[in-house]
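K.L.:
Fold the following and give me the result.
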Amino acid sequence: MDISKDRTLNIGSRTIDLCFEIPDFSKDHLCDCYGMFDSRSSKIAINNTLTIPEQICATILHEVCHVIIDESKLNVGSQLLAQESDEELMVSHMETGLYAFFKNNICHAGKQSLGLMN
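P.N.:
Below is the predicted model:
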């Protein structure tokens, strides 16, 4: 499976477009980012200049965590992750733990589907 291929993901009740594209830093608040989730358009954009499979997989997991938080409404109003910095910290920790879990514990077929093995 080509992990850098555009596709559709089903996450919770949402259908998310996963796209690999040239980053638009003006849209991304002039920061150097690997990926971005846009809730309004139900789209995850991944920087298409990433070439290391592990980095691509970790970035996808990171953005999927943002989708899950958005889907659960933990980032609105007075909820736990209403502050963007709190959400980013939580997502970074979740992504690191999930990536390590998948890399170290999933069977060969699971690793292959994540693009970690040929």
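K.L.:
For the rest of this, base every contact and every neighbour count on C-alpha atoms.
P.N.:
Fine.
K.L.:
does residue 37 really touch residue 60, like I thought?
P.N.:
No - counting by CA atoms under 8 Å, residue 37 does not reach residue 60; the two are 9.8 Å apart.
K.L.:
Which helix runs longest in this protein?
P.N.:
In the chain, with assignment by DSSP state H, the single longest helix is helix 84-105.
K.L.:
which helices and strands sit right next to that one?
P.N.:
Helix 84-105 is packed against helix 53-72, helix 108-113, with contacts defined by 3 or more CA pairs under 8 Å, 6 or more residues apart in numbering; DSSP states H and E.
K.L.:
Now tabulate the ones you listed in a markdown table and tack on distance to residue 78.
P.N.:
Converted to a markdown table, the helices and strands packed on helix 84-105 look like this (distance: least, CA to CA, whole Å):
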| stretch | distance to residue 78 |
| --- | --- |
| helix 53-72 | 13 |
| helix 108-113 | 37 |
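K.L.:
Let me know which of these is tucked in deepest.
P.N.:
For the helices and strands packed on helix 84-105, the largest average neighbour count (mean count of other CA atoms under 10 Å) is found in helix 53-72, namely a mean of 19.
K.L.:
Perfect, I'm done here.
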